[in-house]
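> for reference, the sequence and a predicted model appear below.
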Amino acid sequence: MPRNKVSFISLLPLGCLFALSILLGFYLWQLGSGQKSLEELPSALIDKPVPTFNLPPIVGEGVGLSEKDLGGRVSLVNVWASWCLPCRVEHKVLMKIADTGVPIFGINYKDTPEAAARFLKNLGNPFRAVGADRTGQTAIDWGVYGYPETFVVNKSGRIKYRHVGPLTEDDLNNQILPLIRRLQ
């Protein structure tokens, strides 16, 4: 190989170093912003009305879900899928929330109707209604980019809180339920 030509392989370490520096820069920016975790990622929809949507039901689960179902009471909206392992982990917490009487509505993301129905049959159904977001457009409208995600919606149908990732007992007791009590 001629000496004046640079090969791709010789640039690979430099490219890796560049990529690592970008990741480190993002991490340092995140620390400087006061953001402690993914759960605290901002949402452009906080204090805005829930997006307009009208989803069909999953197999054997009611009549579907639309934004009209979310007004008049404080409620949770949970975006989930049967293929999502963190959704499976979180499910016990959703069942506990449902036992408190807080209405939970589900948006089932890009799932087969049969798999979604089987998931709820096997693990229990904490949802008052579930809509099948087969194309993923409703999740995009809600600003979802990780699964599961949970939103607290106030009585007037405005999004007041967003939680990215699976809910834990700690999240339930220290964030979700206190917020719901304040909003009621």
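Sure thing, it's come through.
> ok, then the element right after the helix or strand of the chain with the lowest mean pLDDT?
Every helix and strand in the chain was compared by mean pLDDT, DSSP states H and E; the lowest is helix 8-32, with a mean of 49. Later in the chain than helix 8-32, the nearest helix or strand by DSSP states H and E is strand 54-55.
> run through who's touching the next helix or strand after that next one.
Moving toward the C-terminus from strand 54-55, the next helix or strand (DSSP H and E) is strand 65-66. For strand 65-66, the external contacting residues (CB atoms under 8 Å, 6 or more residues apart in numbering) are 53-55, 57, 105-107, 129-131. All C-beta spots, glycine's among them, are computed from the backbone N, C-alpha and C.
> repeat the analysis, applying 7 Å as the threshold.
Applying CB atoms under 7 Å, 6 or more residues apart in numbering, the external contacts of strand 65-66 come out as 53-55, 105, 107, 129-131.
> stretch 102-118 too?
The contact list for stretch 102-118 (CB under 7 Å, 6+ apart) reads 55, 58-61, 65, 69-70, 73, 75-83, 94, 97-98, 126-134, 136, 138-139, 147, 180.
> selection in ChimeraX covering whichever of these are buried, please.
If you want just the buried ones from the contacts of stretch 102-118 in ChimeraX, going by 16 or more other CB atoms under 10 Å, the selection is:
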select :55,58,61,65,69,70,75,76,77,78,79,80,81,82,94,97,98,126,127,128,129,130,131,132,133,134,138,139,147,180
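> can you count the residues close to the closest residue to Val152 other than its chain neighbours?
Spatial nearest neighbour of Val152, excluding adjacent residues (CB to CB, 6 or more residues apart in numbering): Tyr161 at 4.0 Å. If you count neighbours by other CB atoms under 10 Å, Tyr161 ends up with 17.
> then Tyr161 would be within a strand, right?
Yes - residue state for Tyr161 (DSSP: H, G, I helix; E, B strand; the rest coil) corresponds to a strand.
> break this protein into its domains for me.
Per automatic domain parsing, the structural domains of the chain span 1-35, 38-183.
> of these, which stretch is the most buried?
Burial of those is given as mean neighbour count (mean count of other CB atoms under 10 Å); domain 38-183 ranks first at a mean of 18.
> how close does the residue nearest in space to the middle of the chain get to Lys121?
The C-alpha lying nearest the average C-alpha coordinate of the chain belongs to Glu149 (CA atoms, centre = their mean; 1.5 Å). Per CB to CB, to the nearest Å, Glu149 is found 23 Å from Lys121.
> just checking, the residue nearest to the centre of the chain touches Val79?
Yes - counting by CB atoms under 7 Å, Glu149 touches Val79, with 4.7 Å between them.
> now find how far off-centre stretch 47-54 is within its chain.
15 Å (CA atoms, centre = their mean, to the nearest Å).
> swap in stretch 125-144?
On CA atoms, centre = their mean, the centre of stretch 125-144 falls 10 Å from that of its chain.
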